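*Asks:* predicted structure and sequence below. I'll ask about it afterward.
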Amino acid sequence: MLSAFRSAFTTPDLRKKILFTLGIVAVYRAGALLPSPGVSYPNIQQCLREAEAGENAGVYSLLNLFSGGALLQLSVFALGIMPYITASIIIQLLTVVIPRFEQLKKEGQAGQNKLTQYTRYLTIALAILQATGIVALAERGQLFAGCSQPIIPDAGIFDLIIIVIVMTAGTAIVMWLGELVTERGIGNGMSLLIFTSIAARIPAEGANILRNGGLIFTVVCIFGLAIIASVVFVEQGQRRIPVQYAKRMVGRRMYGGTSTYLPLKVNQAGVIPVIFGSSLLYLPDLVTRLAGGTGPVTQFVQTYLVDQSSWVHIILYLALIIFFTYFYVGITFNPDERAEEMKKFGGFIPGIRPGRPTAEYLGFVLSRITLPGSLYLGIIAVLPNFFLGLTGTGNNQNFPFGGTAVLIMVGVGLDTVKQIESQLKQRKYEGFLR
């Protein structure tokens, strides 16, 4: 592995890509630490310390994780890449509902560019809405429960508008930085920025666990390594369906006659169901905070939905992840389209007739591997809830080796290493994994 790192940095063009990626990451982290104009930095740090002492990270703990702690500090890059992710998911889901989007998806690169443009517009709109909600909570003093320090001392309408504009512009810059990494760097830019944000939270969370005792810290590290190993094992797992292509004559040349396979991953949906489930669970708390209610509904939400060690929260979270896994896989993978593509190019599954029987077989296999994939996602996401009392952390999204954090970090890490390996193999170097 050390020789592979040396080969990567001794190759001029690959070294340039790696250094460019690291430079973009440094700019992103600098913007995440730069406070927005009009925000009292000392007061917000005091509120953060009180929230950590009270084991209450607020309603936006998942978004705060994706922004590397920048959201609750109301920094320039406070919203991070989350509006872009949400917009991408919405556009992807709308391709099934809106015929125009489905047609653009089939038009190749030109249609994809148009969908990307729509995604950018939707990202800005979502950033404005999200920034307005966060600033409204901060102005009312509801962003941190029990904190009496004014986060925005001069809460005039003009000052609030300036903060919303700055945070929205920060989202646009983050989106641009991610696209730059994708085009000129290594790996997927958006995924790497999320990876950087989550990794930036690990030292602070590890220090919180270490303060509870060295034995607990050791147990958590061993437990974390076991989770990472299991996630790597499942993420690499796939069902390979053999596909045979018949020979055909085109002019005076013969094509086809090859054997390949159609890979179906166990975790076909990725981390999207976890994001959907978490967002829905945080939505009632956000609505009750903005409404300012104190009735039985607010009490129920705070007791059973916000408290992540509650059995109601755990069971509901697991059920939402399983549901959204089937929902997302059903939208993104269409067995009828795959069967039609195989039939068009002369491909068939041995023992299965082309056309409708192939689509039924693919749907059967997909439904069988989606069940363990959904259970795997749900268990990884809710498992840290059982260790809240042990670690002394009140929020499993800030747990350094569980839930969404480890799924994203492992997935992005594997994808980036594979891309570097492919670059090395093109230059006849050995990769990281021999």
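*Replies:* Received it, and whenever you're ready, just let me know what you need. These numbers were taken from a predicted model, which means no experiment stands behind them.

*Asks:* rest of the way, CA atoms for contacts and neighbours
*Replies:* OK.

*Asks:* can you give me the strands for this structure?
*Replies:* Taking DSSP state E, the strands of the chain run over residues 238-245, 248-250, 253-255, 259-265, 347-348.

*Asks:* minimum distance to Gln46: which of those strands has it?
*Replies:* Closest approach to Gln46 among these (C-alpha to C-alpha): strand 259-265, 45.5 Å.

*Asks:* buried ones in the longest helix along the chain?
*Replies:* Longest helix of the chain, by residue count under DSSP state H: helix 109-140. Neighbour counts over helix 109-140 (16 or more other C-alpha atoms under 10 Å) mark 111, 115, 119-120, 122-124, 126-128, 130-140 as buried.

*Asks:* and of the strands of the chain, who's closest to Lys17?
*Replies:* strand 259-265 (29.3 Å).

*Asks:* touching, Thr119 and Ser88? I think so.
*Replies:* Yes - contact criterion C-alpha atoms under 8 Å: Thr119 and Ser88 qualify, at 5.8 Å.

*Asks:* that older thread, most tightly surrounded among the strands of the chain?
*Replies:* strand 347-348 (a mean of 22; mean count of other C-alpha atoms under 10 Å).

*Asks:* and that one, what does it pack onto?
*Replies:* Contact here means 3 or more C-alpha pairs under 8 Å, 6 or more residues apart in numbering; DSSP states H and E; on that basis strand 347-348 packs against strand 238-245.

*Asks:* in its sheet, what does the strand it packs on sit against?
*Replies:* Strand 238-245 sits in its sheet next to strand 259-265 (antiparallel), strand 347-348 (antiparallel), going by DSSP bridges.

*Asks:* how far off centre is it?
*Replies:* In terms of C-alpha atoms, centre = their mean, to the nearest Å, the gap separating the centre of strand 238-245 from the centre of its chain is 29 Å.

*Asks:* ok so, going back, minimum distance to Thr325: which of the strands paired with strand 238-245 has it?
*Replies:* Comparing these by C-alpha to C-alpha, strand 259-265 comes nearest, at 12.7 Å.

*Asks:* can I get the closest one in PDB, CA atoms only?
*Replies:* The C-alpha trace of strand 259-265 is given here as PDB (Å, rounded to 0.1, in the frame of the first residue of the first chain):
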ATOM      1  CA  SER A 259     -20.500 -14.000 -21.400                       C
ATOM      2  CA  THR A 260     -20.800 -11.400 -18.700                       C
ATOM      3  CA  TYR A 261     -22.900 -10.800 -15.600                       C
ATOM      4  CA  LEU A 262     -25.400  -8.200 -14.200                       C
ATOM      5  CA  PRO A 263     -24.300  -7.200 -10.700                       C
ATOM      6  CA  LEU A 264     -27.100  -6.500  -8.200                       C
ATOM      7  CA  LYS A 265     -25.700  -5.100  -5.000                       C
END
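
*Asks:* rewinding a little: compare the strands paired with strand 238-245 and give me the one nearest Ala204.
*Replies:* strand 259-265 (33.8 Å).
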